[in-house]
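Engineer: dropping the sequence and predicted coords here.
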Protein chains: 2
Amino acid sequence: MQDAVLAMLAKEPSHGYDLHARLRRSLGPLGESMNRGQIYVTLARLERAGLVVCERADGLPERPERKVYALTPAGQRRVAAWLSEVGWPKPDLAEFHLKLAAAAAARLADPVELVAAQRRELLRRLREAQQTALAESAGSGAGLLLEGVALRLQADLRWLDACERAWSAVDDEVGGG
Amino acid sequence: MQDAVLAMLAKEPSHGYDLHARLRRSLGPLGESMNRGQIYVTLARLERAGLVVCERADGLPERPERKVYALTPAGQRRVAAWLSEVGWPKPDLAEFHLKLAAAAAARLADPVELVAAQRRELLRRLREAQQTALAESAGSGAGLLLEGVALRLQADLRWLDACERAWSAVDDEVGGG
DNA sequence: TTTTTTATAGATAACCGCTATCTATTGGCC
DNA sequence: GGCCAATAGATAGCGGTTATCTATAAAAAA
């Protein structure tokens, strides 16, 4: 979030409302859930950290008071560092994995049924993503993002197959032993 | 996190250090980065929310003072709700997508080169995950998790291919126009 | 025997991402 | 005049996470 805002300011100084709108446009349908207030929280933190400055609160009194932010040298360095990083979010499969283990351990639910329910949900989301992608103009940036979402969902569905096999085997052991 | 802790307490009341150790074991190599202090933060917040209670701070004075937590009825309801949910973390591809867009817009880096660097990194991580999976005993819970990680990385690599195609086309337009 | 390290057990301050919610103005529309 | 949408900003608070701190007991090294 911070890095994305800084990178947008690297192109040109701008104010919060505009940055929010650009972010939403850039993310397409996936950006619709973005909160308006968040951009101001982020800008305030970046200012406190000395990465941006509010350069004009408008000499010419434009109707809605707008604060235009610009990068400081430290902010420019941070943008350069971000672009040279090759970070990647760690896959967040732990939650479901813990859910299966906890359900089995506490005997509160059947892991195989949890997997089945989850598969139905991911299939629903996959269809949804593919429909949304069709609605997007082909080749648009948001379409590319939706393609990534779909690829991930397909990988996760294959993982659910592996989970089902593994937990079915556990059930057999328990049932047969 | 909160839900995972609650679900472990659903099996049997326990204290923070033990919960932390069980979580780490359950996640295998991926749990090694877990912070010790976090469990206490989580337990304190769960207690404040009335989902757990500290039932004994030890009548028999065991050497290290330990606080044993147990679920409240509200906590049990929350565990049941968690198990019946079919939530799934939203794919976190936005950051890289924004990085490409920002780099191109501010002319700070070549998107195609960013994609190439990212692909090298993901290939490295994929090899790493596969090696770690081999080291894990086959069929173990942690091995299953690593299989999911590998499947995701493969999907992400395919997405990077799509990114490269898309941004190469943009370069051609700019270069040719 | 003394010292150091490791495991056990807990806590706190602070940061970041995010949401819900609030204020205020401008301009269009009925 | 009254109402609604768009523009613009701000704040309180939650949850995840990290870094850092305090202790004690057992095991290993000096």
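Structural biologist: In hand now; what should we look at? It should be emphasised that the depicted structure is a prediction, and the values quoted were computed from it without experimental measurement.

Engineer: quick check: the residue in chain A that DNA strand D sits nearest to vs A:Leu6, distance?
Structural biologist: Relative to DNA strand D, the nearest point of chain A is A:Gly37 (2.6 Å; C-beta to the nearest atom of the strand). For the C-beta atoms, the positions are set from N, CA and C on the backbone; glycine is no exception. Using C-beta to C-beta, to the nearest Å, one gets 19 Å for the distance from A:Gly37 to A:Leu6.

Engineer: right, is the helix or strand that the residue of chain A closest to DNA strand D is a member of up against chain B?
Structural biologist: Here A:Gly37, judged by DSSP states H and E, is contained in helix A:36-48. No - using C-beta under 8 Å from any C-beta of the partner chain, we find that helix A:36-48 stays clear of chain B, coming within 13.1 Å at best.

Engineer: what about that helix, distance to the chain center?
Structural biologist: 18 Å (C-alpha atoms, centre = their mean, to the nearest Å).

Engineer: that one packs against which elements?
Structural biologist: Applying 3 or more C-beta pairs under 8 Å, 6 or more residues apart in numbering or on different chains; DSSP states H and E, we find helix A:36-48 packed against helix A:2-11, helix A:16-27, strand A:52-56, strand A:68-71.

Engineer: repeat the analysis, applying 10 Å as the threshold.
Structural biologist: helix A:2-11, helix A:16-27, strand A:52-56, strand A:68-71, helix A:73-84 (3 or more C-beta pairs under 10 Å, 6 or more residues apart in numbering or on different chains; DSSP states H and E).

Engineer: what is whichever helix or strand comes after the last one packed up against?
Structural biologist: Toward the C-terminal end, the helix or strand that comes next after helix A:73-84 (DSSP H and E) is helix A:94-105. The elements that helix A:94-105 packs onto, with contact taken as 3+ C-beta pairs under 10 Å, 6+ apart, are helix A:111-135, helix A:141-176, helix B:2-11, helix B:16-27, helix B:73-84, helix B:141-176.

Engineer: again, only using 6 Å
Structural biologist: Using 3 or more C-beta pairs under 6 Å, 6 or more residues apart in numbering or on different chains; DSSP states H and E, the elements in contact with helix A:94-105 are helix A:111-135, helix B:2-11.

Engineer: chain center to that helix, what's the gap?
Structural biologist: 23 Å.

Engineer: tell me the pLDDT at the residue most central in space within chain A?
Structural biologist: Central residue of chain A (C-alpha atoms, centre = their mean): A:Leu30, 8.4 Å from the mean position. We have a pLDDT of 89 for A:Leu30.

Engineer: so who does it touch?
Structural biologist: A:Leu145 (C-beta atoms under 6 Å, 6 or more residues apart in numbering or on different chains).

Engineer: swap in A:Ala109?
Structural biologist: A:103, B:83.

Engineer: got the phi/psi numbers for it?
Structural biologist: Main-chain dihedrals, A:Ala109, degrees, to the nearest 10: phi -160, psi 160.

Engineer: okay, now the unreliable bits of chain A?
Structural biologist: Scanning chain A for pLDDT under 70 picks out A:57-64, A:137-139, A:171-177.

Engineer: residues of it that sit close to DNA strand D?
Structural biologist: A:15-18, A:21, A:36-38, A:40-41, A:43-44, A:62, A:64-67 (C-beta under 7 Å from any atom of the strand).

Engineer: run a quick neighbour tally on A:Gly37.
Structural biologist: If you count neighbours by other C-beta atoms under 10 Å in any protein chain shown, A:Gly37 ends up with 10.

Engineer: oh, I was asking about A:Ala94
Structural biologist: Quick note: A:Ala94 (other C-beta under 10 Å) scores 20 neighbours.

Engineer: dump the residue contacts of it.
Structural biologist: A:Ala94 neighbours (C-beta under 6 Å, 6+ apart): B:Leu27.
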